Structures are given as structure tokens and as C-alpha cells.
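# Sharing a sequence plus its predicted fold:
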Amino acid sequence: MTGPTPAESTPPSLQVSGLAYAYPDGHQALFGVDLTVARGERVALLGPNGAGKTTLVLHLNGILGAGAGSVEVAGLPVAKQNLAEIRRRVGIVFQDPDDQLFMPTVREDVAFGPAAAGLRGAELERRVAAALERVGMAEFADRPPHHLSFGQRRRVAVATVLAMEPEILVLDEPSSNLDPASRRELADILRSLDVTVLMVTHDLPYALELCPRSVVLSGGVIAADGRTQDLLCDEALMREHRLELPFGFDPRSVTAPV
Amino acid sequence: MGAGHAHKLYREGRSPVHALPAQCKIAAVLCFVLVVVSTPREAVWAFGAYAVALAAVAAVARIPAGYVLRRLLIEIPFVAFAVLMPFVADGERVAVLGMELSRPGLWGAWNILAKGTLGVAASVLLASTTELRALLLGLQRLRMPPLLIQIASFMIRYGDVISDEMRRMRIARQSRGFEARGVRHWGVLAKSAGALFIRSYERGERVHLAMVSRGYAGTMPVIDDMTATRAQWLSAAALPLTALVVCLTGWMLI
């Protein structure tokens, strides 16, 4: 189960094996999840409310743990002694940017992660500038986060994580509460990044637009894993897991990215 | 919201006073206030000299007098007590405008009024030339306990978020026909306050989660280290040193 990965040269960005977890109150959220995400892949994690998506995400950087199974990030197991390095490698963008942006200015917020990892001075400034540049927010560096629009805050939240140069970017509902223009801008940014992405979402067209591969998490297990377009076209599967496409959207009608 | 409450006191500018590192200004204001407080109240001219010194600082900082005076109004509730003193204190009586007033009371009132006003004026100058964020960094440099700094900086960041939440809850109440009229409605307001508390508490947990995810391990990393040069410390010291000379002269002349 936890043996070495076959290709030792480039281990997958994420390898989850047999992961099970029950909350302290006895409610079991995960029943043996197996998921491998290769380096550079963009994968959507789909599933109805209460499927255990957030629980899974919190296992990826060791916030939750102590259940059965294992999680490895680029070959490094998520365990107590590696937590600092794991949290540098796994960048989680939470759903509400007001939770993610807790420092008084955008620049300090983006600097928080790398500074916590021990970076200082010119190298820190370079990281911050580069991360803000990649999300197109460089000119907002000295603004307080609460003076930005929601879409801008979400982009800064992505930058706070990019500044840590993560192995894998985990986004929790990245398109929620965004107007269509901000939604498209964020998609352009995500597409331009050269990083592994795991995207938790209910927004199926968004998953189709950005992620060639999707997995469906339902009832605490991976219920399906395949090409996003194939999954969205499988009506029986979609119905079974309470996944619904927006009115008038036909996944067959679009040319999906490869 | 918009500009937010964080900037009400600060006045943008590019003066030498604005440019001084915050820790120098904080230390200067603190020393100035201590010197003013230890001046004998009988040395009336000394307080005039302090006021002139502050006016000089305001001129260098290009803060208009009206701006400082308007912000001085905040001390009114605090000095209201001083106005009562001449009427209620014991001791020798003097006649002022046909009223019998207590002489020690008059001196006491003058003492509070003069020292209080000078202290507030110095703080207003500090606040209008130093950004809130810089003030916190300055306090950090002056070795204020880091936990207090963290609490204060979270207050700055989340003040607007929470007042916004409060405003949304009020609109939701009003949209369902609720108007707070009298004691009978206090229960509803109390429940809203409780709900706001729980929401803020839960937000605190989510923020903590986000911090831990980015490597927070109990201490805030140092991002901006403002260092002050000897020259900056010296120019900040000009105000308290001038005041000290005035104060010592005051004591010698008594």
C-alpha cells in the first residue's frame, strides 16, 4: 500500500492510498480513498454536498490525519515530522478569500507563507512580486485586502499560495461567487500556471473547461475516475451522484481540452 | 466601508515627520507626554512653550491647525470632570465672574486640561503622520508582546468584515419587518449579537486553518523589518528633548 512508487525519478504530485477517516463524533467521512495525480495534471474533484470533499482536502496537508491509509506529496509522506515541508508543497486556496487573506496588506499576505518558511529580504520580495505578477495583481500590492473586489481577492488568495512555489495547488470551489468575467479571468490564470492542480468544485462546466480529468467522490469513496467529458456525458453516473449540469448545457457540444 | 475606518486618522503626506520610522515617533511622543506630565502646574509659561513645540512639529508635518483642533474634540468627555473641579473642591475661595470658586480646584482643572490637551495633541500628530500598519510595526520593534500586536492587526483586518456582516444582519432583520422599538425588542438584538459572535468565532477558526495551511506555527514571520538610523532617532528626539529643557527650567524657576 505505502510502498515506493514505480517511477522513482518523478513521483506523482499526489498519491492517496486507502485513506479512511472518521470524525471524533463517530461520523465517518472517508471509506478508503485511492487517488493518484501525476505531476502537471489538472484534475477536478466532483461530488455532492457531504461527500467528504473538504475532509479529503484537509488530509492533503496534514490538518486532519490519524485515520487509516496514507497520503504522499511528491514522494514525501504526510506525517508529523514533515508537516512544515508538506504545507509548503501543498497550497490550499480556501473558498472564502476573507478567511485566506488575514494580513493588513496584499503584499504582506502573499509574503506570509514564504516568510514562515524562513525566506527574508530580496528573495522574499522577488517571490511576492512574481506571485502577484502571475495573477495580474502586481499593482495592488500595498492595498488592504478588504478594499479589493471579490474576484481580485480570490486572485490574491491564489497568489498567496503560488508564492510558496507549491508542488500541487488545491482549490476549494474556485468559481463560487464570481461574476462571469472574474470567473473567466481566473480560468485564464489557472490555465497559464505550470503546476499540478486539484480543483474541488460543483461548477461542472468549469471543470470541463479546465480539467481534462475528473474524479467523483461520493459516499466517502472515489466512485468514478476518467475524462471529464466522458463522466459528464454519463447520465446514469451523474444522476446516481446528484451531479447536475446547468440548464441548457450540453457537454457533448464543446471541444474539451486534452 | 469604502475607505474603511483604518485611515480616518491618517493624513497622507510626504513630510520629514511622515518619513520617520514609527518606533522613533512612538518613543518621542511617549517621552514628550511623560515630560509634560511631570512639569509643575504653576509654570504656566512652560505649557505655552510645549504648545509652540507641537505647533512646530505640525508645521513641519504640514498638518493644518484646524485638522488637529477638530481631532482634539475627542478629549471633551474626558476633561468634563476637570470643569467640575473648581466648583466641588475644598480650600481657599476666589471670586471669578461673580462665582465663588476653589483655588486648588482651579489649579487642578488647569492641570488636567493643559496636560491632557497637550498629550492628546501629540497623539493626534502621531496618528495623522503614521499609518496604522506602521504604528503596529513600530510597536513590534519596541518589543511590545507579539500576541497583542497580532490581536491588533487582526482587528484592523477584520473590523470591516465583521461590521459588514453586522450590516447584512440588520438589513435581513429590517427586510422581515423588524424595527427595534423599546425594551421588548432587546431580546432580538441580543440574539443577533450572539449570532454575530458565533459567526466571528467560526471565521476565526477558518482563518486559523488557512494560517496553519501556510506554515503558521505560533509566531508571525517577520516580513517588514523597519530599522531606524541614528540620525532618525536624533531628529525624533528633538521634541522630547526640547520639552525636557522647558520642564527643567520650569522646576528651577518655581
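Structure's in. What do you need?

# got the residues of chain A near chain B?
Applying Cβ under 8 Å from any Cβ of the partner chain, we find that chain A lies next to chain B at A:58, A:61, A:63, A:84, A:87-88, A:90, A:92, A:94, A:96, A:98-105, A:108, A:111-113, A:115-117, A:120, A:124, A:144-147, A:160-161, A:164. The way it works is simple: take the backbone N, C-alpha and C, and place the C-beta from them, glycine included.

# Just the buried subset of the residues you listed, written out for PyMOL, thanks.
This is how PyMOL selects the buried members of the residues of chain A next to chain B, with burial counted by 16 or more other Cβ atoms under 10 Å in any protein chain shown:
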select buried, chain A and resi 58+61+63+87+88+90+92+94+96+98+99+100+101+102+103+104+105+108+111+112+113+115+116+117+124+144+145+146+147+160+161+164
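
# which stretches of chain A aren't confidently modelled?
Where chain A drops to pLDDT under 70, the residues are A:1-9, A:257-258.

# Strands along that one, start to end?
Residue ranges of the strands in chain A, as given by DSSP state E, are A:14-22, A:28-37, A:42-46, A:68-73, A:76-77, A:90-93, A:168-172, A:196-200, A:213-218, A:221-227.

# The third one to strand A:213-218, inter-axis angle?
Between the direction of strand A:42-46 and that of strand A:213-218, the angle (axes from the mean of the first three to the mean of the last three Cα atoms, to 10 degrees) works out to 20 degrees.

# returning to what we had before: now distance to B:Glu205 too, for the strands of chain A, in CSV please.
Formatted as CSV, the strands of chain A follow (distance: least, Cβ to Cβ, whole Å):
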stretch, distance to B:Glu205
strand A:14-22, 19
strand A:28-37, 18
strand A:42-46, 23
strand A:68-73, 23
strand A:76-77, 27
strand A:90-93, 15
strand A:168-172, 15
strand A:196-200, 19
strand A:213-218, 24
strand A:221-227, 28
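
# can you pull the contacts of residue 165?
Assuming you mean chain A. A:Arg88, A:Arg127 (Cβ atoms under 8 Å, 6 or more residues apart in numbering or on different chains).

# switch to chain B, that's the one I care about
The contact partners of B:Glu165, by Cβ under 8 Å, 6+ apart, come to B:Leu196, B:Arg199, B:Ser200.

# gap between the two ends of stretch A:151-170?
Between the opening and closing residues of stretch A:151-170 there is a gap of 18 Å (Cα to Cα, to the nearest Å).

# Repeat that for stretch B:95-107.
Stretch B:95-107 has an end-to-end distance of 14 Å (Cα to Cα).

# and that stretch, which residues are buried?
So, applying 16+ other Cβ under 10 Å, buried residues of stretch B:95-107: B:Leu101, B:Ser102, B:Gly105, B:Leu106, B:Trp107.

# and if you look at stretch A:194-208?
Judged by neighbour count (16+ other Cβ under 10 Å), stretch A:194-208 contains these buried residues: A:195-208.

# which sections of the stretch 1-150 of chain B are below the confidence cut-off?
Counting by pLDDT under 70, the stretch 1-150 of chain B has low-confidence residues at B:1-7.
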